[in-house]
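# got a predicted model here, sequence first, then my questions.
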Amino acid sequence: MKLSAMAVSLTLILCANFRHFIQATEPVAMSIPAPELKGITEWINSKPMTLKDLRGRVVVLNFYAFGCVNCIRNYPHYKKWHSDFTEKAVTILGVHTPETVAERNVEQLRKKIIDQDLSYPTAVDARAETWNLWGNRWWPSVYLIDKKGVVRYRWDGELNWGNVEGERVMRSKIVALLEEKD
């Protein structure tokens, strides 16, 4: 069976992009105003908030789905950052955007949050409005927003997949953002 030139090209492009995705060792540097949260249907562990409310703080915004194993593997890092940085003007904010029908069950989400001891705020993005506004494509994805409300870094996927030290890298970026003048 022969593949068309277009099929071969598409396959090469997809493989190259996937290879970059799984082998990322540095976050993507960015400099765009953080889109506001949109269409949040519920808040867990917090009263409703906006990113504008969080100006003056570094925000670690993580898109996740509770059934995603790659997301679950990042939980210990988020919990540690929440513990280490909350008193230092950092807010960890989960945005739960369901990937499957089962993940649309908010009571199940609440149970998973309790079971995993996730005490930071979670915004329920049931209709993927925030996901779409941010142009997000992966579970999990972690964005670092500076004190002025500018998205500065993005990490797609598990932080410590394989030999990658994404947790250490992103932690250092959080510290650097904290040290910047307002």
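Received, thanks. Numbering: from 1, shown residues only.
# state the mean pLDDT of stretch 124-138.
What stretch 124-138 shows for mean pLDDT is 97.
# over to stretch 37-48?
Per-residue pLDDT values across stretch 37-48 average out to 98.
# likewise for stretch 75-93?
The predicted model gives stretch 75-93 an average pLDDT of 97.
# pull out the buried positions in it.
By neighbour count with 16 or more other Cβ atoms under 10 Å, stretch 75-93 contains the buried residues 75, 77-79, 81-82, 85, 90-93. C-beta: built from backbone N, CA, C; applies to glycine.
# show me those that map onto strands.
Using DSSP state E, the subset of those located in strands is 90-93.
# nearest to Ile44, of the buried residues of stretch 75-93?
Proximity of the buried residues of stretch 75-93 to Ile44 (Cβ to Cβ) peaks at Leu93, which lies at 11.1 Å.
# contacting residues for the nearest residue to that closest one once chain neighbours are set aside?
Nearest residue to Leu93 in three dimensions, chain neighbours excluded: Leu61, at 5.0 Å (Cβ to Cβ, 6 or more residues apart in numbering). When the contact criterion is Cβ atoms under 8 Å, 6 or more residues apart in numbering, the partners of Leu61 are 34, 51, 93, 95, 142-145.
# let me have those in JSON lines, extended by secondary structure and distance to Asn136.
Converted to JSON lines, these look like this (DSSP: H, G, I helix; E, B strand; the rest coil; distance: Cβ to Cβ, whole Å):
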{"residue": "Ala34", "secondary structure": "coil", "distance to Asn136": "12"}
{"residue": "Leu51", "secondary structure": "coil", "distance to Asn136": "15"}
{"residue": "Leu93", "secondary structure": "strand", "distance to Asn136": "14"}
{"residue": "Val95", "secondary structure": "strand", "distance to Asn136": "9"}
{"residue": "Val142", "secondary structure": "strand", "distance to Asn136": "11"}
{"residue": "Tyr143", "secondary structure": "strand", "distance to Asn136": "9"}
{"residue": "Leu144", "secondary structure": "strand", "distance to Asn136": "14"}
{"residue": "Ile145", "secondary structure": "strand", "distance to Asn136": "14"}
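# alright, calling it a day.
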